[in-house]
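Asks: everything below, folded, please.
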Amino acid sequence: MSFDVAYTAHAQQELEDVYLWIKSRAPLSAERWREELISKVESLAEEPQRHRLAPESRRFPVEIRQLLFRKRRGQFRILFTITGKGVVILSVRHHSRRPLEEGDLPF
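Replies: Numbering: from 1, shown residues only. As a prediction, this is how the structure comes out:
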């Protein structure tokens, strides 16, 4: 079964903010980073449930799962939920940022 993948406006803005930050320091790296991240997100179309629950999932009324992108200091957490035949990207955040809290998402 293939899932449709969509981003919330919040997640799109986070992705763009990180991209612009990287681009201001290393333009070529920024393009590569964005392409790799989008490719990784698109992989969620197949078996998104294979990714573990995010630690903060218990704080929300829906299951929030996480996909880890890259390693070590440059690692990002792609937080998403599965809704029927869709995957909704909720947040793209650096691993060192605080966990999601109730007011961070629109539900």
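Asks: which helix or strand contains the residue positioned nearest the centre of the chain?
Replies: With distances taken as CA atoms, centre = their mean, the chain has residue 78 as the residue nearest its mean C-alpha position (2.1 Å). Secondary structure here is read from DSSP states H and E; on that basis residue 78 sits in strand 76-83.
Asks: tell me what that strand is packed against?
Replies: Other helices and strands packing on strand 76-83, by 3 or more CB pairs under 8 Å, 6 or more residues apart in numbering; DSSP states H and E, are helix 27-42, strand 65-69, strand 86-94. C-betas here are computed from N, CA, C, even on glycine.
Asks: return the distance of residue 71 relative to residue 95.
Replies: The spacing between residue 71 and residue 95, counted by CB to CB, to the nearest Å, is 10 Å.
Asks: and the contacts of the helix or strand where residue 19 lies?
Replies: Secondary structure assignment for residue 19, by DSSP H and E: helix 9-25. Around helix 9-25, the neighbours that count as contacts under CB atoms under 8 Å, 6 or more residues apart in numbering are 7, 29-31, 33-34, 37, 76, 89-94, 104-106.
Asks: restricted to buried residues, select the residues you listed in ChimeraX.
Replies: Command for ChimeraX that selects the buried part of those, burial taken from 16 or more other CB atoms under 10 Å:
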select :7,30,33,34,37,76,89,90,91,92,93,104,105
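Asks: quick one: low-confidence parts of the protein?
Replies: Across the chain, the ranges flagged by pLDDT under 70 are 106-107.
Asks: let's go with 90 and repeat that
Replies: Of all residues in the chain, those with pLDDT under 90 make up the ranges 1, 56, 58-62, 71-74, 94-107.
Asks: how close does the nearest residue to residue 93 once chain neighbours are set aside get to residue 85?
Replies: Among residues not flanking residue 93 along the chain, residue 77 sits closest, at 5.4 Å (CB to CB, 6 or more residues apart in numbering). In this structure, residue 77 lies at 24 Å from residue 85, with CB to CB as the measure.
Asks: neighbour-wise, which of residue 71 and residue 95 wins?
Replies: Remark: of residue 71 and residue 95, residue 95 carries more neighbours, 15 against 8, as counted by other CB atoms under 10 Å.
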